[in-house]
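Undergrad: Provided below are the primary sequence and the corresponding predicted coordinates.
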Amino acid sequence: MALEERRREIAIKKVQGANSRQIFNELRNEAVILFLIGSIIGNFGGMLGAWLISSAAGFLKFQVSSISDFKDFITYDQSTLTWTSVIVGLILILQIYKKGRAFIDQEVSEAVQRYEEAKVGFLRRNKLDIVFFVIGATGVAISILDQQFGITFNLSFLFQLLINGLGPFFFWIGGALVGARISKKVPLKFEGILLSVAFFKDIKTILRSGLLRRGETDRLAIIIVLTLSIATLAAAQGITDEQHSIRTLEWEVGSDFQVNYAIPGNYADLIANLEINSAKPVQSVLPLGIGPAVTILNRAFAIFGLDSNSEYANLQDEKSTGIWHDDAFDSLTTSEALKLLNDNPLGIFVSGGILGDIIADVNDPIDLTVVVATSISVIQDTKDLKVTILGTVDHVPGGLGGETIITSPLVINRLTSLTTGHPETFFDTSPMNASKYLLKMKEGNSMSDSDINLIKEVFRQDPIFTSHRSLKNEIDDFQAGGSSFGIPGLLSLNFIVSVSAAIISTFAFTAILMERRKGEFAVLRAIGAKKAQIYKIAIGENILFVTTSVIWGIIIGSGIIYLFNGIFVAFNFILGGGPLTRQIIFPWASIILIGIVTTIGMLLATLLSVRGAAKQDLSVATRVV
């Protein structure tokens, strides 16, 4: 676009006697200088980006001890610099050679003409932009139905590849190109509202004409949509990733405190009566007992028991021991699920994956098979316990998820009776043994670090104690940057770069567009228009266009959020994340603020760009070369 702006300049130089080699050398030298400056700035920006990523303590949160730490990231990587320079340099040289030669070789009369018919790109000419957008939008719709409403589709491999593999690219590029169409048509639909504003009363006719003639904004609209969509994606996924990490910690620890023992036993009363500084800091205790391995249709599964009776009572008082998420149980609230387990103590909740593997459904009776440990026969004896499937579970506080079976202490005790060779009801009145205990503290997250350390020290003195976890400590470590390196830093950098690119690029494009209209503004000034009216014309023509492009960019970014969510889930899984569903969080206040700041920035760019046109020398500006 910068070369296109110099068509007339090239033609004038040819008229003045410059030959093609001289003009081409000038263009090439300017490009080389800009390339070298850009390479230096880009290399420095890359090192700065690495420093910011490593300092990330969540999305747009940085823990930087000293600016001197930046010196550790100042390195000279010859291979990286060489490859990036070669690739970018070749693209620049080819573009200069192609466009520059074309402008130099064209006829002078063609070059100096003020207006020419705009060429329509290949994608728009064949309406491929609409095709791309429709394919991407289909992927967005499928992703929303799946992630928000749990509606799944049995798609062929080819269709899944098209939607999931290429969908984000199609939706992003197609949405940006369609945005160029929308940014022209939508403002015309709302011109009546704009023209009714008293501020534009004295320039209605000129403004209406300008809105109809706006034909040079395609590239600017594409830039706005592309950059704002990435900024929206980074903002939402950044907040989502941060909250998902905290949610994962809540699930893993399960409560304010988690204590683990090497030997399962009944330690609930011992923990509840723990004293620190003559006070009992523990409010309630939830044991998680693991039963003997069970098989269903020759498949082995782990089964866990929890005291659903006491936890249900705690939930009714809004003082639950465990941290239960809204999606802990499928189709049921936690309170409903625990009440159902209380009413049916010989019932179980299984993960959705298990339900499909054992070819059973909710409310079906099934047999849990255990091996009798006391058997001395060559072929191991087994016994069955008939239970009822009450529903499906996604995850349970304390790090229980995946292919898990959750039940009551009664089932755990009866399975223990069977596997030890005792009668089925032998341990019915015994407390459930557990090796993992969740502790709800009276002070909750307001506990001081010194008190937490005292509690840890008391547990360390127990010879069968193995480990403990404090939710407060782990969240503090996470927010201090100890566990958040990676995705939050990358998303923070993407957000900063995208918003900066949106402001800078739109300023540059707006300046070029205003430069083209200097003559038009000069004519208006010559026939009596005031400077204030010139500013009004520029703002009026741009405000609807910019607002439309910004809103469309946010819409495209919101769709990409769903398309990319699966990719972030895969990243988290590779980095050791748990099986929790990644719930998308839209920080609408931040996203709207991004749109407002970008819009204001573009309008300021318009005012600064038109400032020169409003103050220009009319005799020079209206002169025809």
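TA: Done, it's in.
Undergrad: what sits up against the helix or strand hosting L90?
TA: If you go by DSSP states H and E, L90 is part of helix 78-95. Helix 78-95 is contacted by residues L3, R28, A31, F35, G38, S39, G42, N43 when judged by C-beta atoms under 8 Å, 6 or more residues apart in numbering. Quick note: C-beta positions are derived from backbone N, CA and C, even for glycine.
Undergrad: okay, now the second one: neighbour count?
TA: When you say that, I think you mean R28. R28: 15 surrounding residues under other C-beta atoms under 10 Å.
Undergrad: counting neighbours, what do you get for the residue nearest to I223 when sequence neighbours are not counted?
TA: Using C-beta to C-beta, 6 or more residues apart in numbering and skipping the chain neighbours, the partner closest in space to I223 is S505 (4.8 Å). Neighbours of S505 under the rule other C-beta under 10 Å: 17.
Undergrad: so what pLDDT did S505 get?
TA: Note on S505: pLDDT of 75.
Undergrad: quick one: it from A221, how far?
TA: 12 Å (C-beta to C-beta, to the nearest Å).
Undergrad: picking up where we left off before, top of the contacts of helix 78-95 by neighbour count?
TA: Busiest of the contacts of helix 78-95 [other C-beta under 10 Å] is A31, holding 19 neighbours.
Undergrad: isn't A501 up against T227?
TA: Yes. At 4.9 Å, A501 counts as touching T227 under the criterion of C-beta atoms under 8 Å.
Undergrad: so between the two, which is more surrounded?
TA: Ranked by neighbour count (other C-beta under 10 Å), A501 and T227 place T227 first, with 24 against 16.
Undergrad: so that one, which of the three states?
TA: At T227 the chain is in helix, as set by DSSP: H, G, I helix; E, B strand; the rest coil.
Undergrad: quick one: residues contacting the nearest residue to it once chain neighbours are set aside.
TA: Excluding its sequence neighbours, the residue lying closest to T227 (C-beta to C-beta, 6+ apart) is A502, at 3.8 Å. By C-beta under 8 Å, 6+ apart, the residues touching A502 are I223, I224, T227, L228, A231, T598, G601.
Undergrad: how about the helix holding L90: buried residues?
TA: Using 16 or more other C-beta atoms under 10 Å as the test for burial, helix 78-95 gives S85, L92.
Undergrad: so the residue nearest to T227 belongs to a strand, correct?
TA: No. Per three-state DSSP, A502 lies outside any strand segment and is helix.
Undergrad: what's next to stretch 338-345, contact-wise?
TA: Applying C-beta under 8 Å, 6+ apart, the contact partners of stretch 338-345 are 308-309, 311-312, 315, 332, 347, 349, 388, 390-391, 407-408, 410-411.
Undergrad: 7 Å instead?
TA: Stretch 338-345 is contacted from outside by S308, N309, E311, Y312, L315, G347, T388, L390, S408, L410, using C-beta atoms under 7 Å, 6 or more residues apart in numbering.
Undergrad: using CSV, list the CA coordinates for it.
TA: Extracted C-alpha coordinates of stretch 338-345, given in CSV (Å, rounded to 0.1, in the frame of the first residue of the first chain):
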residue,chain,number,x,y,z
LEU,A,338,-25.4,-36.6,47.8
LYS,A,339,-29.1,-36.8,48.9
LEU,A,340,-29.6,-39.5,46.3
LEU,A,341,-26.6,-41.4,47.7
ASN,A,342,-28.0,-41.0,51.2
ASP,A,343,-31.3,-42.4,50.2
ASN,A,344,-29.7,-45.3,48.2
PRO,A,345,-26.5,-46.3,50.2
